[in-house]
Structures are given as structure tokens and as C-alpha cells.
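Novice: here is the input, now give the coordinates:
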Amino acid sequence: MDAATHQTPTAATASSGEGDLSPIEQEVLDEYAKLVGNLDDLATILAELAANPSAEILDSLRGLERKTTTVFTLLKASVYSIVLQQEIFGDERREDGLRG
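Specialist: Numbering: from 1, shown residues only. Next up is the predicted model:
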């Protein structure tokens, strides 16, 4: 959101000629204006982070990727081992069935 397109609620109210606001209404509008400004700042920062990720974030993601790859490799090896054991036990049972 562009700062030029934002008009604070207090300025909008003053220019529209709606009359005087109570102090609490004015305070609420002022807080709303601060919130809008903070959200704009946050949106700008998030856009910058998304466009240019920091080296720290990238390094952390690389480390996570390495760990995930290691876990995946170990999982595949475990599954292969289980399947191989089942095949061996299945072959032994079939051989026992043919003998007996």
C-alpha cells in the first residue's frame, strides 16, 4: 500500500465535515491510524524478506535440508531392509513347505 494513497482517519473525518468527535472516538481513530502505519511497515518488511532472503535463513534451510535428506535416506534403507527380510523369510517358508 502506498503512503500517498492512505489518508489517516482523523484527516478524513476533519475534511469530511462530520463534526466534532468525542475524545474516545478521536483516540480510537488515532490508534487505528497507528495500526495502519504499522501494518504498512510490516508489509514492506515482509516483501523485502520475501524478495531477498537473509543469509542466515538460507543457511538454516540448507541445514534442515541436509538433515531431512539424511532421515529420508535412513528411512529408505530401513524399508528396504524390512522388505528384503520378508522376502527371505517368505522363501524359507516356501522351501520348508516343499520339503515337508
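
Novice: name the element the residue nearest the centre of the chain belongs to?
Specialist: Taking C-alpha atoms, centre = their mean as the criterion, Ala50 is the residue nearest the geometric centre of the chain, at 11.1 Å. Assigned by DSSP states H and E, Ala50 falls within helix 23-51.

Novice: pull the longest helix from the protein.
Specialist: Here the longest helix in the chain is taken by residue count, with DSSP state H as the criterion, and it is helix 55-99.

Novice: what bits of the protein have low per-residue confidence?
Specialist: 1-18, 100 (pLDDT under 70).

Novice: rerun that using 80 as the cut-off
Specialist: Screening the chain residue by residue with the criterion pLDDT under 80, one finds the ranges 1-19, 94-100.

Novice: from the chain's centre, how far out does the longest helix of the chain sit?
Specialist: Relative to its chain's centre, helix 55-99 lies at 29 Å (C-alpha atoms, centre = their mean, to the nearest Å).

Novice: compute the inter-axis angle for that helix and helix 23-51.
Specialist: Helix 55-99 and helix 23-51 are oriented at 60 degrees to each other (axes from the mean of the first three to the mean of the last three C-alpha atoms, to 10 degrees).

Novice: counting contacts, what elements does helix 55-99 pack onto?
Specialist: Under the contact criterion of 3 or more C-beta pairs under 8 Å, 6 or more residues apart in numbering; DSSP states H and E, the helices and strands touching helix 55-99 comprise an empty set. In this view, the C-beta of every residue, glycine as well, is placed from N, C-alpha and C.

Novice: residues in contact with Thr68?
Specialist: Thr68 makes contact with no residue, according to C-beta atoms under 8 Å, 6 or more residues apart in numbering.

Novice: could we number from 604 for the rest of this?
Specialist: Will do, 604 is the new start, and the previous item becomes Thr671.
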